[in-house]
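>>> Mind folding the following:
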Amino acid sequence: MREINSRPSEGFESTLYPRIGLYIDGKWIYDRDRWIDVRNPSTGNALGPVPNATPADLHNALEAAEAGFRIWRDTQPLERSRIIMKAVALIRERARDIAKVLTLEHGKTLAAAEGEIIRSCRFYDWEAGQALRSYGWVLPAADQMQKRILRLPIGPVVAFTPWNVPMSAFARKTSAALAAGCSIIVKAANETPGTAVELVKCFEEAGLPPGVLNLVLGDPAVISSTLIGSPISRLVTFTGSTGVGKHLTELAARAMKPALMELGGHAPVIVGRDVDAKAIGLLAAEAKTRASGQICASASRFIVDESVYKPFVDSFAGALNDLRIGDGFDPQAQMGPLANDRRLGAAETMVQNAIARGARVAAGGNRIGNRGFYFEPTLLVDVPLDADSMTVEPFNPIGSCVSVPNLDAALKIANSLHVGLAGYAFTNNLTDAERIQRELEVGALSINHFDTPDSDTPFGGVKDSGIGREGGPTSLDAYMVQKTVLQFSGTI
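Prediction:
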């Protein structure tokens, strides 16, 4: 049985974690009732209270966003880009310190936290450039007529960001909104607000006008209904679970507002015949345990050709058994704890369900110790297709393996769920690769590697995994509207 003997983050808890506040109209607000305590997943210790925004706070945030929008939409794109890049320079300068805050409240290793912050900076880099490329069109017209299509910012945006990637999701949404000329109110996850606080401070110091970026925390139901229901907000964007995403989309639809949704997945990994199964097993172990498997694009369902099933499983399980688990501040740790006790309980239940249905545990399967939220990286093999681990997004370091006789069977299993965010495939057969590209029902597909889209490529899902795309050449489309202008230039 594994044990976690060292928890170095315990020595940093009181000195590194920032005071959590609301940020409305350029002012920090701290004196509100406590909603919850943020906890260090490594120790279970409280890091600090999260203030609960009052109805008056939410009203003020909406009014501030409305006023901020009028200023920001008329700010020249070059000036918008300059302020964004000034804030990004501060984020890069403080990346190590912000990473410590992220690790304290999330649990991921310090190296992974710093990697998330640096990646998030690339989102701002890209969108600051997009601000300078948001062209309209002039169309051919009859004599004394002009036809123009203007691209204008949609208005104040309401964004909801998740706890699993507190910097990355925040950056995805704020970078595009600010580049397009929109103001934005962000409801950050109550479990990981410290990272959001540190990011907002960088924009505050960069000179972003008051009201353009606002941060609220507290009761999700009150915040979502108030902000989405207001006539001031004009776009709703969310990253998180499919169930919550559908609820927020319904609220947006009632208010006749567009919704940009990046929702849950359950990423299939198709491993074909005639590949180096042992090498892929090692890659799979690293991919499955990124952020303890708590990312929406996490490889989860390993659908493996029967000819390479055993060497793949043996390699995968061996790598998981050798993985070093520990506090995120431990330089030897390769995977940290789960983010909260809910994820820990869900992991235990998922393993028990798979075993009851006939699956075999090839690696892991147990909680580690009785303090903090640690769970062994786990590989389930010969998993029945109706087991929870094959039908419900794990959001933990549990991988499930099934053996298939051919690509037809692999695609049938991969496409059998109602979600389709990310997918992966390993094959040396060009014909199979081309077929997988056409037939695998996902929004992002990686072939022969486990990377996911960066700032310059679109990311989003199909089916119940979301609406719209973030990043890439069309990244500002959701945050802008087109206005057709037909002008007669003659004398009347």
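
>>> May I have the distance across stretch 5-23, first residue to last?
38 Å (C-alpha to C-alpha, to the nearest Å).

>>> which of the residues in that stretch are buried?
R7, S9, E10, E13, L16, Y17, P18, I20, G21, L22, Y23 (16 or more other C-beta atoms under 10 Å). Heads up, the C-betas are built off the backbone N, CA and C, glycines and all.

>>> what's the longest helix in the protein?
helix 110-130 (DSSP state H).

>>> Which SSE is immediately downstream of it?
strand 137-139 (DSSP states H and E).

>>> Which elements pack onto that next one?
Applying 3 or more C-beta pairs under 8 Å, 6 or more residues apart in numbering; DSSP states H and E, we find strand 137-139 packed against strand 145-153.

>>> tell me the average confidence for the helix or strand just after the strand it packs on?
Using DSSP H and E, the next helix or strand after strand 145-153 towards the C-terminus is strand 157-160. Averaged over strand 157-160, pLDDT sits at 98.

>>> Using PDB, write out the CA atom coordinates for the very next helix or strand once past strand 157-160.
The helix or strand immediately downstream of strand 157-160 is helix 168-180, counting by DSSP H and E. Extracted C-alpha coordinates of helix 168-180, given in PDB (Å, rounded to 0.1, in the frame of the first residue of the first chain):
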ATOM      1  CA  SER A 168      -6.300  28.000 -18.500                       C
ATOM      2  CA  ALA A 169     -10.100  28.300 -18.600                       C
ATOM      3  CA  PHE A 170     -10.000  31.800 -17.200                       C
ATOM      4  CA  ALA A 171      -7.400  32.800 -19.800                       C
ATOM      5  CA  ARG A 172      -9.400  31.100 -22.700                       C
ATOM      6  CA  LYS A 173     -12.400  33.200 -21.900                       C
ATOM      7  CA  THR A 174     -11.000  36.500 -20.800                       C
ATOM      8  CA  SER A 175      -8.400  36.600 -23.600                       C
ATOM      9  CA  ALA A 176     -11.000  36.300 -26.400                       C
ATOM     10  CA  ALA A 177     -13.600  38.600 -24.700                       C
ATOM     11  CA  LEU A 178     -11.100  41.400 -24.000                       C
ATOM     12  CA  ALA A 179      -9.500  41.100 -27.500                       C
ATOM     13  CA  ALA A 180     -12.900  41.400 -29.100                       C
END
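
>>> other SSEs contacting helix 168-180?
Against helix 168-180 (3+ C-beta pairs under 8 Å, 6+ apart) you get helix 77-93, helix 110-130, strand 157-160, strand 184-187, helix 193-206, strand 235-239.

>>> Make CSV from these and add distance to S455 and mean neighbour count to it.
Shown next, in CSV, are those (distance: least, C-beta to C-beta, whole Å; neighbours: other C-beta atoms under 10 Å):
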stretch, distance to S455, mean neighbour count
helix 77-93, 12, 18
helix 110-130, 4, 21
strand 157-160, 17, 28
strand 184-187, 18, 26
helix 193-206, 16, 22
strand 235-239, 15, 26
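
>>> Can you check which of these gets nearest to H59?
strand 184-187 (11.4 Å; C-beta to C-beta).

>>> For that closest one, name the packing helices and strands.
By 3+ C-beta pairs under 8 Å, 6+ apart, strand 184-187 packs against helix 55-73, strand 157-160, helix 168-180, strand 213-216, helix 220-229.

>>> From the chain's centroid, how far away is the last one?
In this view, helix 220-229 has its centroid 21 Å away from the chain centroid, taken as C-alpha atoms, centre = their mean, to the nearest Å.

>>> Pull the number of nearby residues for V138.
By other C-beta atoms under 10 Å, 11 other residues sit near V138.

>>> That should have said I270, apologies.
25.

>>> hmm, back to that, kindly reformat the helices and strands packed on helix 168-180 as TSV and extend each row with distance to V38.
Below are those laid out as TSV (distance: least, C-beta to C-beta, whole Å):
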stretch	distance to V38
helix 77-93	21
helix 110-130	15
strand 157-160	18
strand 184-187	15
helix 193-206	7
strand 235-239	19
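
>>> what's the closest of the ones you listed to A363?
Comparing these by C-beta to C-beta, helix 110-130 comes nearest, at 20.8 Å.

>>> buried residues in stretch 315-328?
For stretch 315-328, by 16+ other C-beta under 10 Å, it's S315, F316, A317, G318, A319, L320, L323, I325, G326, D327, G328.

>>> how much space between the first one and E204?
Same thing as S315. Per C-beta to C-beta, to the nearest Å, S315 is found 49 Å from E204.

>>> ok, now the last one?
Using C-beta to C-beta, one obtains 27 Å as the distance from G328 to E204.

>>> How about the fourth one?
When distances are taken as C-beta to C-beta, G318 and E204 turn out to be 49 Å apart.

>>> go on, the fifth one?
The span separating A319 from E204 equals 44 Å under the rule C-beta to C-beta.

>>> Equivalent analysis for the third one, please.
The gap separating A317 from E204 is 48 Å, by C-beta to C-beta.

>>> Would you reformat the buried residues of stretch 5-23 as TSV and include pLDDT and distance to T192?
Shown next, in TSV, are those (pLDDT from 0 to 100; distance: C-beta to C-beta, whole Å):
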residue	pLDDT	distance to T192
R7	90	19
S9	90	14
E10	88	18
E13	84	15
L16	91	14
Y17	96	11
P18	96	12
I20	98	10
G21	98	15
L22	98	16
Y23	98	16
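
>>> now those in a markdown table, with secondary structure and distance to T484?
Converted to a markdown table, those look like this (DSSP: H, G, I helix; E, B strand; the rest coil; distance: C-beta to C-beta, whole Å):
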| residue | secondary structure | distance to T484 |
| --- | --- | --- |
| R7 | coil | 60 |
| S9 | helix | 56 |
| E10 | helix | 60 |
| E13 | helix | 56 |
| L16 | helix | 52 |
| Y17 | coil | 51 |
| P18 | coil | 47 |
| I20 | coil | 45 |
| G21 | coil | 43 |
| L22 | strand | 40 |
| Y23 | strand | 37 |
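
>>> is it true that A206 touches A87?
Yes: using C-beta atoms under 8 Å, A206 makes contact with A87 at a distance of 3.8 Å.

>>> doesn't Q487 fall inside a strand?
Yes: assessed with DSSP: H, G, I helix; E, B strand; the rest coil, Q487 lies in a strand.

>>> Quick check: pLDDT value at it.
So Q487 comes in at 95 (pLDDT).

>>> picking that back up, out of the buried residues of stretch 5-23, which is nearest to P41?
S9 (9.1 Å).

>>> which residue packs closest to the closest one, ignoring adjacent ones?
Using C-beta to C-beta, 6 or more residues apart in numbering and skipping the chain neighbours, the partner closest in space to S9 is F329 (4.5 Å).

>>> List the contacts of that neighbour.
Residues in contact with F329 (C-beta atoms under 8 Å, 6 or more residues apart in numbering) are P8, S9, F12, S42, K100, T103, L110.

>>> quick one: pLDDT of it?
96.

>>> cool, and the one 10 residues further on?
We have a pLDDT of 95 for A339.

>>> same deal with the one 4 residues further on?
With respect to pLDDT, R343 has a value of 95.

>>> Could I get the full set of helices for the stretch 351-492 of the chain?
Here the stretch 351-492 of the chain has its helices, by DSSP state H, counting those that start in this stretch, at 388-391, 407-414, 430-439.

>>> To G240, which of the ones you listed lies closest?
Closest among those, using C-beta to C-beta: helix 388-391, at 19.1 Å.

>>> Who are the packing partners of the closest one?
helix 341-356, strand 398-404.

>>> In three-state terms, how would D37 be classified?
strand.
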